[in-house]
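Peer 1: What follows is a predicted protein model with its sequence.
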Protein chains: 2
Amino acid sequence: MCYPLTINSLLVTKTMEATLSFFFATILVLSTSHASPSFPSQNHRLLQHSDGAATSAANHHGHKMSCPSWRLAVETNNIIKWTLVPEACEDYVANYMLGSRYQEDCFAVTSIALEYAKNHTLGADGKDIWVFDIDETALSEIDYYSQPDVSFGAKKFNETKKNEYLKEAKSPPLAAVLELYNNLLPLGYKIVFISGTSESYREYRESNMKRAGYHTWEKLVLKQTSQHGTTSFIYKSKKRTELVKAGYRIIGNMGDQWSDILGSDVGNRTFKLPNPMYYIS
Amino acid sequence: MCYPLTINSLLVTKTMEATLSFFFATILVLSTSHASPSFPSQNHRLLQHSDGAATSAANHHGHKMSCPSWRLAVETNNIIKWTLVPEACEDYVANYMLGSRYQEDCFAVTSIALEYAKNHTLGADGKDIWVFDIDETALSEIDYYSQPDVSFGAKKFNETKKNEYLKEAKSPPLAAVLELYNNLLPLGYKIVFISGTSESYREYRESNMKRAGYHTWEKLVLKQTSQHGTTSFIYKSKKRTELVKAGYRIIGNMGDQWSDILGSDVGNRTFKLPNPMYYIS
């Protein structure tokens, strides 16, 4: 049988490629082994076996976890406190982040958020705020994460290298979030950015935000030295509670980590952007 | 160019079909229209246009939401209080629910849960419990939802028909959850099922659970008449708090709805199973 190559079949071939990699190249399972003593019960190491698929030394039930299932489990907060993208899912995550699906998934979230924001009636006192995280939310660090020695979160985190990248202050905006930001301002929302980056990077971070198109904000909150060592979950809850005590109403709250949107004073509605590259507690 | 049909290419053709339906047949966008006055700001009606894609009458930004993005947004609790599967995603949801991906996604969640359960040290007092929802968690209602006039949640909910189905008490178990259940019992966990079904259906529900393989439980909690009209979120929180006050420790809590696993006394860890067919507040 012959299939003529048309523009559509070229598209299909490209899609097939990605789909095949889901189904045949990236099969893996969870192991009971624990790589890091700081995350004793939830850090799953994945073992690649010689038959191309992966099986676990300890899982006697033999269930295989595909990369799409791994990603869904990450996005729904079922897999927590993980440190690295499973080796078997490195190509899958790269394809997801560089393909159109990631952008589509982000625009889906911001479209829903904008519909909600438009239908909310703001107070007259200018105290209605929208909280955004910065990295993989307001800004995209794809230029950093796509480097071979970072490999979309599949290689061990290098803090020095990451800090050098932050000082370059050249992250582009996440397109969907910049568009939402530009729509929220004329509706009357004040914008608050809360990031886990150290206060000592303020100059670089503010410069990056302006360069990316975020020209105004009510507050841009960074982590003070006294809060170093605190989890993002605790730190961000504390900062949101301070905002509420100062009379602000958090109407929307958007981030790529569950620690951005769970905890205290999360806001009237929360929005989770996708991020299969790293996990922040 | 010719592509010989092999077993693999047959598989690819099948996959292509599904993939094509994602990309070309199921494009849609959110509308600002609201179908139900009880959910004024989050109930998105989706409009199908004559060009095959769908566009919104009110969204001037023209972003299209694909069915995979819609499903991810549903699973991550970004789209809330929705009443129907978008018409454009009817086939997509059917393919997901009947294909292997749904089962794989469920087994991924229960594998993670079992690893966690094995690594938790239980008390000696027999008060460590695992809470499960029933429908689309312990049991699968796929036989009901696959009927043409139900159409995987794309057709308007028919309470009478659904209640007749419940009285048949013939739902099979969700395979992944029954396996987890069978692994939790010898570890020493007591099992508590909490369902939003009315107490008046106890006979049918208990019969169904036993028939499906759930032979023992600590409690099987159903909704009393006095709680009718209460949201599942409030009702389930209340029931969990009662368990904690009675001295139980909720070590794990698993459901297919966010209202199963958010609220008060959610437990030490929560697990969200996939369900793109319906939303319960």
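Peer 2: Cool, the structure landed. Numbers count the residues shown, from 1 in each chain, chains lettered A, B, ... in the order given.
Peer 1: For burial, what's the neighbour tally of residue A:201?
Peer 2: The number of residues packed near residue A:201 is 18, by other C-beta atoms under 10 Å in any protein chain shown. C-betas here are computed from N, CA, C, even on glycine.
Peer 1: With residue A:186 instead?
Peer 2: Neighbours of residue A:186 under the rule other C-beta under 10 Å: 7.
Peer 1: Over to residue A:118?
Peer 2: For residue A:118, the neighbour count with other C-beta under 10 Å is 13.
Peer 1: The one 5 residues further on now?
Peer 2: The criterion is other C-beta under 10 Å. On that basis, residue A:123 has 10 neighbouring residues.
Peer 1: Confidence-wise, which helix or strand of chain A is lowest on average?
Peer 2: Every helix and strand in chain A was compared by mean pLDDT, DSSP states H and E; the lowest is helix A:7-20, with a mean of 34.
Peer 1: From residue A:131, how far out is residue A:186?
Peer 2: As defined by C-beta to C-beta, to the nearest Å, residue A:186 lies at a distance of 18 Å from residue A:131.
Peer 1: er, residue A:196 actually
Peer 2: 13 Å.
Peer 1: Give me the local confidence score for residue A:56.
Peer 2: pLDDT, residue A:56: 32.
Peer 1: sorry, back to before: which of residue A:196 and residue A:131 has more neighbours?
Peer 2: Using other C-beta under 10 Å as the criterion, residue A:196 and residue A:131 rank with residue A:131 on top: 30 against 21.
Peer 1: Was I right to think the more buried one contacts residue A:190?
Peer 2: No: counting by C-beta atoms under 8 Å, residue A:131 sits too far from residue A:190 to count as a contact (10.0 Å).
Peer 1: Residue A:222: what secondary structure?
Peer 2: Put simply, residue A:222 is strand when judged by DSSP: H, G, I helix; E, B strand; the rest coil.
Peer 1: quick one: contacts for it?
Peer 2: A:195, A:197, A:198, A:199, A:201, A:202, A:205 (C-beta atoms under 8 Å, 6 or more residues apart in numbering or on different chains).
Peer 1: Residues in a beta bridge with the one residue in the stretch 151-281 of chain A that gets nearest to chain B, which ones?
Peer 2: Nearest to chain B in the stretch 151-281 of chain A, going by C-beta to the nearest C-beta, is residue A:272, at a distance of 4.5 Å. On the basis of DSSP bridges, residue A:272 is bridged to residue A:255.
Peer 1: For it, which residues are in contact?
Peer 2: Per C-beta under 8 Å, 6+ apart, neighbours of residue A:272: A:75, A:109, A:254, A:255, A:256, A:258, A:261, B:76, B:77, B:78.
Peer 1: What parts of the stretch 151-281 of chain A come near chain B?
Peer 2: Neighbours of chain B within the stretch 151-281 of chain A, by C-beta under 8 Å from any C-beta of the partner chain: A:179, A:183, A:269, A:270, A:271, A:272, A:274.
Peer 1: what's near enough to touch the fifth one?
Peer 2: Counting by C-beta under 8 Å, 6+ apart, residue A:271 touches A:109, A:110, A:112, A:113, A:252, A:253, A:254, A:255, A:261, B:78.
Peer 1: Backbone dihedrals for the last one, please?
Peer 2: In other words, residue B:78. phi -80, psi -40 (degrees, to the nearest 10).
Peer 1: burial measure for it, as a count.
Peer 2: 25.
Peer 1: what's the answer for the first one, then?
Peer 2: Other residues within reach of residue A:109, judged by other C-beta under 10 Å, total 25.
Peer 1: ok, now the fifth one?
Peer 2: The burial count assigned to residue A:252 is 22, neighbours taken as other C-beta under 10 Å.
Peer 1: who's in contact with it?
Peer 2: By C-beta under 8 Å, 6+ apart, residue A:252 lies in contact with A:113, A:116, A:117, A:130, A:131, A:184, A:189, A:267, A:268, A:269, A:270, A:271.
Peer 1: From these, pick the one nearest residue A:230.
Peer 2: Proximity of the contacts of residue A:252 to residue A:230 was ranked by C-beta to C-beta; the top entry is residue A:131 with 17.8 Å.
Peer 1: For that closest one, give me its contacts.
Peer 2: Per C-beta under 8 Å, 6+ apart, neighbours of residue A:131: A:192, A:193, A:194, A:240, A:243, A:250, A:252, A:253, A:254, A:267.
Peer 1: picking that back up, tell me the one of the contacts of residue A:271 nearest residue B:125?
Peer 2: For the contacts of residue A:271, the nearest to residue B:125 is residue A:261 (35.3 Å; C-beta to C-beta).
Peer 1: For that closest one, grab the count of nearby residues.
Peer 2: By other C-beta under 10 Å, 25 other residues sit near residue A:261.
Peer 1: In contact with residue A:167, which residues?
Peer 2: Neighbouring residues of residue A:167 by C-beta under 8 Å, 6+ apart: A:201, A:204.
Peer 1: Next secondary structure after the least confident helix or strand of chain A?
Peer 2: Sequence-wise, the next helix or strand downstream of helix A:7-20 (DSSP states H and E) is helix A:67-75.
Peer 1: Report the angle between that next one and helix B:67-75.
Peer 2: Per axes from the mean of the first three to the mean of the last three C-alpha atoms, to 10 degrees, the angle that helix A:67-75 makes with helix B:67-75 is 30 degrees.
Peer 1: how much space is there between residue A:168 and residue B:222?
Peer 2: 59 Å.
Peer 1: which among the contacts of residue A:271 gets closest to residue A:136?
Peer 2: Of all these, residue A:255 has the smallest distance to residue A:136: 8.4 Å, by C-beta to C-beta.
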